[in-house]
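# Structural data only, the sequence is not supplied:
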């Protein structure tokens, strides 16, 4: 019996709660994983898994074996990769997850640049706007917006993603300049569904530190960064957007910054990976390569403070924006979004 292969099949089955899912992750057949599990139980002389029609979970003996063997397997993989790395070869595969906004616009290019230096590396790059369980879904690392609450994760702060207000020249030509908060309230905006309160209130931060709640007219709310940028570029609406998504459009004049003294409060970004004693050399190599590149993106700042300030941001009061008499009364209260 291949004990290492059997332990890998066992560990993945526990993490996924399914023999079928474990087989898919390991690129094995379901009967092959089942055979590994039976051989392992026979080898240790104990029942390791309890099976039902919908779920596979470890017995107390199985949980103890999982707790000790998972870290051991990571250590073995790290040791083997470490030998190759010591010879100057970075090879193997890893899985990374990121929000589609930063993933499509920036992380994809960073991954390709890393592979340019290490052609034997295979990367599974998964991009979508959801929170993932790194262990359950077998990811080696992930970019997350907002500080992760999971105590089983190791996190490394990348910085703060700035959100600025922009509009296309065609939009401004049609609707006129947007140079006051009242004008911003009067035109149609496109924004992340998380950035705007259900009662159509957008919280902006002035460069002096004050927060102001602005009633807005939502033309479109979406969870897609690509839809937001496309809507802005086509002049269909104005709105807030992550600066890292529109740097090229700003430099080319396809978008223009409006109300430059105001921004949406930035969101903190982190690189997270599962909490194990040994980080695989390939993951460490990519992390060392990617972190400086991510931090150098225009629109990622080291501090939450306004970029021209040297001191960190302090707790700041919130006030309501002036309302012109044609605006319907709306509640200024909202929950600050953790990501968008």
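On my side now, so go ahead. No experiment lies behind these values; they were computed from the predicted model shown.

# what stretches of the stretch 201-340 of the chain score poorly on pLDDT?
276-278, 308-340 (pLDDT under 70).

# How about the contacts made by residue 189?
Contacts for residue 189 (C-beta atoms under 8 Å, 6 or more residues apart in numbering) come out as 196, 202, 216, 217, 218, 219, 237, 238, 239, 240. Just so you know, the C-beta spots here come from the backbone N, C-alpha and C atoms, and that holds for glycine as well.

# Excluding residues flanking it in the chain, which one is nearest residue 126?
Take residue 126 and drop its neighbours on the chain: the residue closest to it by C-beta to C-beta, 6 or more residues apart in numbering is residue 97, 4.7 Å away.

# Whichever strand or helix holds that neighbour pairs with which strands?
In the assignment (DSSP states H and E), residue 97 maps to strand 92-98. In the sheet, strand 92-98 lines up against strand 121-127 (parallel), strand 141-145 (parallel) (DSSP bridges).

# In CSV, list those along with mean pLDDT, mean neighbour count and distance to residue 19.
Shown next, in CSV, are the strands paired with strand 92-98 (pLDDT from 0 to 100; neighbours: other C-beta atoms under 10 Å; distance: least, C-beta to C-beta, whole Å):
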stretch, mean pLDDT, mean neighbour count, distance to residue 19
strand 121-127, 93, 15, 21
strand 141-145, 94, 23, 26
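
# right, so of these, which gets closest to residue 92?
Among the strands paired with strand 92-98, the nearest to residue 92 by C-beta to C-beta is strand 121-127 (6.6 Å).

# Disregarding residues adjacent in the polypeptide, which is nearest to residue 269?
residue 158 is the one closest to residue 269 (C-beta to C-beta, 6+ apart), at 4.4 Å.

# next one: residue 302
residue 159 (5.4 Å).

# Please state the backbone phi and psi of the one you found?
Phi and psi for residue 159, reported as degrees, to the nearest 10, are phi 150, psi -160.

# what number of residues lie near it?
Using other C-beta atoms under 10 Å, residue 159 has 20 neighbouring residues.

# Export the strands paired with strand 92-98 as JSON lines, with columns for distance to residue 67.
Formatted as JSON lines, the strands paired with strand 92-98 follow (distance: least, C-beta to C-beta, whole Å):
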{"stretch": "strand 121-127", "distance to residue 67": "26"}
{"stretch": "strand 141-145", "distance to residue 67": "22"}
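
# Who are the contact partners of the residue nearest to residue 126?
126, 127, 128, 132, 134, 137, 139, 141, 142, 143 are the contacts of residue 97 under C-beta under 8 Å, 6+ apart.

# Next one: it from residue 66, what distance?
23 Å (C-beta to C-beta, to the nearest Å).

# and if you look at residue 207?
For residue 207 relative to residue 66 (C-beta to C-beta), the value is 52 Å.

# what about the two, which has more around it?
Ranked by neighbour count (other C-beta under 10 Å), residue 207 and residue 66 place residue 66 first, with 19 against 13.

# Name the residue most distant from the centre of the protein?
residue 45 (42.9 Å; C-alpha atoms, centre = their mean).

# give me phi/psi at that one?
Residue torsions, per degrees, to the nearest 10, at residue 45 are phi 70, psi 30.
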